[in-house]
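Asker: With the input below, show me the fold.
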Amino acid sequence: MPLKIGEVGAVITVSGAADQAIHADTPHLFEHCDLPPHYANLFIPAAEDTKYNESNNKNNGGDNDNTGDCIVTGDTLLGGTAFVVGSHSLPVCEQLMDDDDETGAARLERERRTVRPSIRIGDALIFDCRLLHFGLGNRSKCNQRRPLLYINLTHEWFVDPKNWDDREKLFPDVEAIATGGGMIHA
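Answerer: As a prediction, the model looks like this:
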């Protein structure tokens, strides 16, 4: 069964942002069995990574206006997304997120399974939304944002009230204006 294109948007990580908390974008449908994916995300990077170049700033007069401070590199200062391999499986996820594990084995296994793929402009990454993951911090020193475009892909029958509740509007007045049903009051 083909997946339908759902919501499209962007996540923007600003300079100085810390790592996100580990999470899955959607829970398992049932607590007693694993099923094939019903919801996937397509990630598309919208900026090249950068690296702070202090010597370049000094060569440009050192006026601290950040002119020339950012150069394109293969480094990962802007961050990215880290994924925990195999965590889309319900038993594996339960084991990895065991908060009562006093030995630290769950944390060590999460770290062992964590990968940080390097994706660049023109690349695309698709993952099962049940997969544990977290956005990496943006360590750039040149106030560069990391825009990441995403496209949600779901089965026709799937509804995601956790992330996309169509009954609650963030800006109801703006929506009314956009559809011709409201006015701006000064």
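
Asker: CA atoms only for the helix ranked longest in the chain - export them in CSV, please.
Answerer: Selection of the longest helix in the chain by residue count, based on DSSP state H, yields helix 105-113. In CSV, the C-alpha atoms belonging to helix 105-113 read as follows (Å, rounded to 0.1, in the frame of the first residue of the first chain):
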residue,chain,number,x,y,z
ALA,A,105,23.2,-1.2,30.6
ALA,A,106,20.3,0.4,28.8
ARG,A,107,22.1,3.7,28.4
LEU,A,108,25.3,2.0,27.2
GLU,A,109,23.3,0.0,24.6
ARG,A,110,21.6,3.2,23.4
GLU,A,111,25.0,4.8,22.9
ARG,A,112,26.3,1.7,21.2
ARG,A,113,23.4,1.7,18.7
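
Asker: Identify the bridge partners of Val133.
Answerer: You called it Val, but residue 133 is His. Beta bridges link His133 to His23, Phe83, judged by DSSP bridges.

Asker: Check the gap between it and Leu108 for me.
Answerer: For His133, the distance to Leu108 equals 18 Å [C-beta to C-beta, to the nearest Å]. C-beta: built from backbone N, CA, C; applies to glycine.

Asker: cool, and Asp99?
Answerer: From Asp99 to Leu108 the distance is 14 Å (C-beta to C-beta).

Asker: the more surrounded of these two?
Answerer: More crowded of Asp99 and Leu108, by other C-beta atoms under 10 Å: Leu108, with 11 against 6.

Asker: Next, the contact list for that one, please.
Answerer: Listed by C-beta atoms under 8 Å, 6 or more residues apart in numbering, Leu108 has no contact partners.

Asker: and the spatially most central residue of the chain, how far is that from Leu96?
Answerer: For the chain, the residue nearest the mean C-alpha position is Gly135 (5.1 Å; C-alpha atoms, centre = their mean). Going from Gly135 to Leu96 by C-beta to C-beta gives 18 Å.
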